[in-house]
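Visitor: Below is the sequence, then the predicted model.
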Amino acid sequence: MGYRVSAIDPARTALIVVDVQHDFISPGAPMESPAGRAMLPTLVGLLDACRRAGILVVYTAHVHRADGSDLGRYGDLYPPIASGAALVDGSPGSEIHPDVAPVEGEIVVKKHRYSGFHGTDLDMLLRGRGITTVAVTGVTTEDCVHATARDAMFRDYWTVVVADACATYDHPDLGWGAMSAEEVHRTALVVLAQSTADVVTAEEFLARVREPAVDRER
């Protein structure tokens, strides 16, 4: 079960940075992930290396209209979203965290659901640039990272999840027991590795960038 993406061709690979926004990352944020903030140095190093290698960097930002007309079930699931305290398009909290901010020319895809592909032009942008492999990072591992990785696999991209450049938050007991952020993160990675993506560390990913791209090894 599972598969390995043994070689990363920079010209055909995109690094997708999922929802690393103030409302998830900054201290005291309404949907704060302390683990997300802790993994920022790893993501910063990964971004720097990918840019030097010529790998396309694409960001997603989860946002909703101020009038709430695009909330759907998010208005039932997340009180900070329902109240307008988090992820309002154009608000300071919806902006990408400055530690990992896009550089000039990099794409930010605004999305309204977990997956970066749902209702967006992300697939078109990637295919128009000849991308065949995507590496997914960001928050949260079990929701937006997982959904984006799974949708990438559904679209037949070779999909990689960079484990130590993803993170989440604690899950409360809603009838099935509570889980710490670490437990949720690990569980999501186990599922992804079995069914969806090649799950690697940032160091492992970058080591493969230096290898020649040989499709038959995939």
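Guide: Okay, I see it.
Visitor: just for this protein, where's the confidence low?
Guide: For the chain, applying pLDDT under 70 flags the ranges 210-218.
Visitor: C-terminal to the lengthiest strand in the chain, what's the next element?
Guide: When the chain is parsed with DSSP state E, its longest strand is strand 158-167. Per DSSP states H and E, strand 158-167 leads on to helix 181-195 as the next helix or strand towards the C-terminus.
Visitor: in its sheet, what does the longest strand of the chain sit against?
Guide: Note on strand 158-167: by DSSP bridges, its sheet partners are strand 133-139 (parallel), strand 198-200 (parallel).
Visitor: How far does that strand sit from its chain's centre?
Guide: 8 Å (C-alpha atoms, centre = their mean, to the nearest Å).
Visitor: among the strands paired with strand 158-167, which is the most enclosed?
Guide: Among the strands paired with strand 158-167, strand 133-139 has the highest mean neighbour count (mean count of other C-beta atoms under 10 Å), at a mean of 28. Using the backbone N, CA and C atoms, a C-beta is placed for each residue, glycine as well.
Visitor: ok, and what's touching it?
Guide: Outside strand 133-139, the residues within contact range by C-beta atoms under 8 Å, 6 or more residues apart in numbering are 5, 8-9, 12-20, 24-25, 33, 36, 43, 46, 55, 60, 126, 144-145, 148-149, 152, 157-162, 165-168, 197, 205.
Visitor: And stretch 62-74, by the same measure?
Guide: For stretch 62-74, the surrounding residues in contact (C-beta under 8 Å, 6+ apart) are 19, 21, 75, 81-82, 84, 87-90, 94, 110-114, 144.
Visitor: Generate a ChimeraX selection restricted to the buried subset of those.
Guide: Only the buried members of the contacts of stretch 62-74 enter the following ChimeraX selection, criterion being 16 or more other C-beta atoms under 10 Å:
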select :19,21,81,84,87,88,94,111,112,113,114,144
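Visitor: Strands - which of the contacts of stretch 62-74 land there?
Guide: Members of those lying in strands (criterion: DSSP E): 110-111.
Visitor: May I have stretch 37-52 as PDB, with CA atoms only?
Guide: Output in PDB follows, covering the C-alpha atoms of stretch 37-52 (Å, rounded to 0.1, in the frame of the first residue of the first chain):
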ATOM      1  CA  ARG A  37       3.400  28.500  14.800                       C
ATOM      2  CA  ALA A  38       6.100  26.100  16.100                       C
ATOM      3  CA  MET A  39       6.600  24.600  12.600                       C
ATOM      4  CA  LEU A  40       7.100  27.900  10.900                       C
ATOM      5  CA  PRO A  41      11.000  27.700  10.900                       C
ATOM      6  CA  THR A  42      10.800  24.400   9.100                       C
ATOM      7  CA  LEU A  43       8.500  25.800   6.500                       C
ATOM      8  CA  VAL A  44      10.600  28.900   6.100                       C
ATOM      9  CA  GLY A  45      13.700  26.800   5.300                       C
ATOM     10  CA  LEU A  46      11.700  24.600   2.900                       C
ATOM     11  CA  LEU A  47      10.400  27.700   1.100                       C
ATOM     12  CA  ASP A  48      13.800  29.100   0.700                       C
ATOM     13  CA  ALA A  49      15.200  25.900  -0.600                       C
ATOM     14  CA  CYS A  50      12.300  25.400  -3.000                       C
ATOM     15  CA  ARG A  51      12.600  28.900  -4.400                       C
ATOM     16  CA  ARG A  52      16.400  28.400  -5.000                       C
END
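Visitor: Great, nothing more from me.
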